[in-house]
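**Student:** Sequence and predicted structure, then a few things I'm wondering about:
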Amino acid sequence: MEKINIPNHVAIIVDGNGRWAKKQGKNRSYGHKKGFERLEEIIKYASSKNIKVLSLYVFSTENFKRSKEEVDYLMNLFEKNLTKFSDECSKENMKIFFSGRKKPLNDKIIKMMSEIEEKTKENTGTIINFCLNYGGRAEIVDAVKKIANNLTLEQINNLDENEFKKYLYHELPDIDFMIRTSGEQRLSNFLLWQNSYAEFYFPEVQFPDFTKEEFDKAILEYQKRNRRFGGIVYENKNN
Ligand code: IPE
Ligand code: IPE
Ligand code: MG
């Protein structure tokens with residue numbers, strides 16, 4: 001991976017775990033387990049490559065529509081693994097954020113998420129933004145409610161985009177590069193505000209097969225893109 005032009009904020013829609021498992025005659029849970037293991041590897045790799053922010057879509061507000069068995073399996077997977085994994089990340093100076101609605105997550109997970117955020121809040125390395133029970137529209141609605149409950153009418157009238165951003169779940173830089181594995185080409189309600197000017201990349205591999213080499217391939221693809229932001233500024237000096 002070339003050192004130049006590394007995206008500041010990378011976002012990944014972790015997709016294809018179920019199909020990956022099905023292909024090998026296993027149940028969907030097996031795919032989620034393997035997907036989580038791969039996620040741990042990719043987080044450490046991205047951090048070692050000096051990515052400043054890594055947002056990960058691991059469970060959407062809409063994923064509660066799935067069977068109780070699958071939802072329970074996923075919640076259990078998070079509950080059992082996130083604390084230990086976050087401790088490992090913290091040793092590498094990573095700061096962990098969670099984005100999403102608390103309800104209807106169970107109390108144990110809610111407590112675990114706030115403890116992890118608290119424990120890692122002084123860290124200054126890569127920010128890992130776990131989007132769990134996350135919905136992009138919900139985030140915008142929740143920001144509007146915070147604004148309505150905390151600002152005067154005059155302050156509301158003076159809001160601009162930079163000020164609005166502060167009321168989202170976390171104040172993060174815009175996404176530079178958005179990757180969705182499994183070949184699906186849609187956002188599925190992921191970070192709608194932050195993806196405004198992101199470059200999109202849709203590799204065919206299912207997430208459990210998204211290796212470090214696949215991550216490097218993705219970054220190489222990003223480095224070929226020419227970003228203009230509506231103007232004629234050529235950010236990519238290779239072009
Ligand atoms: C992504 O894999 C993980 C979550 C959404 C939690 P999927 O479970 O969506 O797998 P596919 O897309 O059905 O293969
Ligand atoms: C989006 O994937 C949510 C996550 C990856 C967490 P889905 O698999 O739920 O999205 P759709 O249903 O294919 O749009
Ligand atoms: Mg899917």
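**Tutor:** Sure, I can see it. Residues are numbered from 1 along each chain as shown. Ligands and ions are numbered 1, 2, ... in the order given.
**Student:** which of the residues in stretch 69-86 are buried?
**Tutor:** By 16 or more other CB atoms under 10 Å, the buried positions in stretch 69-86 come out as 73-75, 77-78, 82, 85-86. Where you see a C-beta, it was placed from the backbone N, CA and C, and this is true even at glycine.
**Student:** among the residues you listed, which are within reach of ligand 1?
**Tutor:** Contacts with ligand 1 within the buried residues of stretch 69-86, as defined by CB under 6 Å from any ligand atom: residue 74.
**Student:** taking the buried residues of stretch 69-86 one by one, which sit in helices?
**Tutor:** Among these, the members found in helices (DSSP state H) are 73-75, 77-78, 82, 85-86.
**Student:** Which residue of this protein lies farthest from its centroid?
**Tutor:** What lies farthest from the middle of the chain is residue 154; by CA atoms, centre = their mean that is 34.0 Å.
**Student:** Name all residues that make contact with that residue.
**Tutor:** Residue 154 makes no contacts at all, as judged by CB atoms under 8 Å, 6 or more residues apart in numbering.
**Student:** Kindly reformat the buried residues of stretch 69-86 as JSON lines containing pLDDT.
**Tutor:** Formatted as JSON lines, the buried residues of stretch 69-86 follow (pLDDT from 0 to 100):
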{"residue": "73", "pLDDT": "98"}
{"residue": "74", "pLDDT": "98"}
{"residue": "75", "pLDDT": "98"}
{"residue": "77", "pLDDT": "98"}
{"residue": "78", "pLDDT": "97"}
{"residue": "82", "pLDDT": "95"}
{"residue": "85", "pLDDT": "95"}
{"residue": "86", "pLDDT": "96"}
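**Student:** re the thing from before, as CSV, the ones in helices among the buried residues of stretch 69-86 with distance to residue 149 would be great.
**Tutor:** CSV is the format used below for those (distance: CB to CB, whole Å):
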residue, distance to residue 149
73, 36
74, 32
75, 29
77, 34
78, 29
82, 30
85, 34
86, 30
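**Student:** which of these lies closest to ligand 1?
**Tutor:** residue 74 (5.7 Å; CB to the nearest ligand atom).
**Student:** Show me what from this structure comes close to ligand 2.
**Tutor:** 13-15, 57-60, 63, 184, 186, 188.
**Student:** got a winner among those residues for most neighbours?
**Tutor:** Scoring these on neighbours with other CB atoms under 10 Å, the highest-scoring entry is residue 57 at 26 neighbours.
**Student:** mind listing what the helix or strand it falls within pairs with, with the direction of each?
**Tutor:** Using DSSP states H and E, residue 57 sits in strand 53-60. Strand 53-60 sits in its sheet next to strand 9-13 (parallel), strand 127-134 (parallel), going by DSSP bridges.
**Student:** what comes up buried for the longest one?
**Tutor:** Think strand 127-134. Neighbour count says strand 127-134 has 127-134 buried, by 16+ other CB under 10 Å.
**Student:** Can you give the contact residues for it?
**Tutor:** Taking CB under 8 Å, 6+ apart as the rule, strand 127-134 contacts 43, 47, 52-61, 64, 78, 82, 89, 94-102, 104-105, 109, 113, 170, 172, 190-191.
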